[in-house]
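**Student:** structure, please.
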Amino acid sequence: MPHAIVGVRQRRQNAAKVPVFAGVGRVQATLSHQPYRKKPKPVLTTFLSIYTLLLAIGILLFGSGLMGTLLGVRAGLEGFSATVIGLVMSAFSLGYIVGAYYCPRLIRDIGHIRSFAVLAAVASAAMILHGLLVHPVIWWILRIITGICIVGLYMVVESWLNSLIHSHANRGRIFSLYMMVTLGALGLGQFLLMLYGPMEMASFAIAALLFSLALVPIAVTRLPQPAEITVPELQLKKMFSISPLGSMGSFVMGIASGSFWGLGALYAHNLGFDEAGIALFVSLVVFGGMILQLPIGHWSDHRDRRKMLMLVSLLGAITALAIYLLAPHSHVALLVAATLFGGFTFSLYSLSVAHTNDHIGHEDVMEATRSMLLLNGVGAALGAIVGGLVMQWAGNEALMLYLAASLASLTLFALYRMRVGRPMDVDQQEAFVVVTRTGPDAVQMDPRASDEEELTDPGINR
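**Tutor:** Next up, the predicted model:
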């Protein structure tokens, strides 16, 4: 009997050494060797993980929005001609193009935080110098410097945001949050003009102060710095052969946006608006773009995109003409028309990018969109110069006629492309995404871009 009891105990001990769920253990061991795949985060969690970067770019563009309007109004009060103002304001886009090529080298050499500090400090000094040295030639040089700094600051933040993308869904959330902060800050920044007015040095100091404060979130961030940053390529011939209408839409949108950002505040000032009215006019155009882009874009997902580009550019031309006709009679009606103008006009760039992406593979989205960004920048530089000449020769009100004619030219080109090209099956079109011109690295956050590699690092969630 004792020997039997010992035998039973021994068998029980041996059985205890064998896992009951051995199959589950093997499955768990297998799963532990699988690559880590980050689950999509809720919107609030995504925001909290990148809030320092969004706060930095928001503060920065708050000041940039003020500066663009402040310079246009101050230049008019100083007696600069419309031609000179157009040339001065076009320098920002020239700086944008130059910076898109040279800032990546700076960021690679000294890192993201130091680059942001250098560029923000230089831009802040440029803001102060605008107020101290009021001369068109000096302002032209300072605007080029500012454009270089702004695109470099965009690159720092955007490449950082790109490093936090773990999945297709996460990319869409980050891209949407970034675009909303960008447009919202630019629109709200206009109202800072009301604090001291365009003739006070304090207005320039506020812009400089905001550029300096943007350093704080970057300096205290705990996010790891990304490893590399790319240099955009500008292949106009290739882009035009892939999508003539998309390329033309990007260029014409550049003309319209360059004219508006460079001369819109001067236009409103010459109509008799005070500081509050000028800020309201510019901001309503921006907010109109925020409100109407999504419904227009979703509508375009279910229709021939060429027809949408034709229709939206036509509506933009009509609302620009309406502003021209309403300006002498009712400022309230003019502001309503300006909101619609911003909604239609600011949607053209997103539609152009979406139309181009319909004709290329996912692996080519980034390079194509970078090229379109720079094409848009070239159009913006030309738009401000030509717009200033038009206002000089034909009067203040002619700015809206110039914008209407530019948008109408896109309408006619879209009609031509509809006649010579075959329509794409709606089911094959890429989904619309709200896009505005920021920096070249923003396109990597575009949900339509391909995932070049699966991210496996679970540690970046701060």
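
**Student:** can you name the next helix or strand after the helix or strand bottoming out on mean pLDDT in the chain?
**Tutor:** Ranked by mean pLDDT, DSSP states H and E, the weakest helix or strand in the chain is helix 22-32, scoring a mean of 40. Remark: after helix 22-32, the chain's next helix or strand is helix 43-77, criterion DSSP states H and E.

**Student:** now that next one: how far from the chain's centre is it?
**Tutor:** Offset of helix 43-77 from its chain centre (C-alpha atoms, centre = their mean, to the nearest Å): 11 Å.

**Student:** pLDDT (mean, whole number) over it?
**Tutor:** Helix 43-77 shows a mean pLDDT of 83.

**Student:** any idea which element the closest residue to residue 246 other than its chain neighbours lies in?
**Tutor:** Nearest residue to residue 246 in three dimensions, chain neighbours excluded: residue 356, at 3.3 Å (C-beta to C-beta, 6 or more residues apart in numbering). From N, CA and C alone the C-beta is placed, and that goes for glycine too. Assessed by DSSP H and E, residue 356 sits inside helix 331-357.

**Student:** what comes up buried for that helix?
**Tutor:** Neighbour-count burial for helix 331-357 flags 331, 334-357 (criterion: 16 or more other C-beta atoms under 10 Å).

**Student:** can you list the low-confidence ranges for the stretch 101-250 of the chain?
**Tutor:** Scanning the stretch 101-250 of the chain for pLDDT under 70 picks out the ranges 163-173, 175-176, 225-236.

**Student:** all helices of the stretch 251-400 of the chain, in order?
**Tutor:** All helices of the stretch 251-400 of the chain, identified by DSSP state H, counting those that start in this stretch, fall at 275-300, 305-326, 331-357, 365-394, 398-420.

**Student:** and of these, who's closest to residue 223?
**Tutor:** helix 365-394 (21.9 Å; C-beta to C-beta).

**Student:** quick one, that closest one and helix 331-357 angle?
**Tutor:** Note on geometry: by axes from the mean of the first three to the mean of the last three C-alpha atoms, to 10 degrees, helix 365-394 and helix 331-357 are set 140 degrees apart in direction.

**Student:** how about residue 352, nearest residue that isn't a chain neighbour?
**Tutor:** Per C-beta to C-beta, 6+ apart, closest to residue 352 is residue 249, 3.1 Å.

**Student:** who's in contact with the one you found?
**Tutor:** Applying C-beta atoms under 8 Å, 6 or more residues apart in numbering to residue 249 gives the contacts 309, 313, 348-349, 351-352, 355, 410, 414.

**Student:** if we can go back for a sec, my guess is the residue nearest to residue 246 meets residue 240, correct?
**Tutor:** No - the criterion here is C-beta atoms under 8 Å, and residue 356 misses it with residue 240 at 10.4 Å.

**Student:** okay, and the common contacts of these two?
**Tutor:** When C-beta under 8 Å, 6+ apart defines a contact, the residues bordering residue 356 and residue 240 alike are residue 247.
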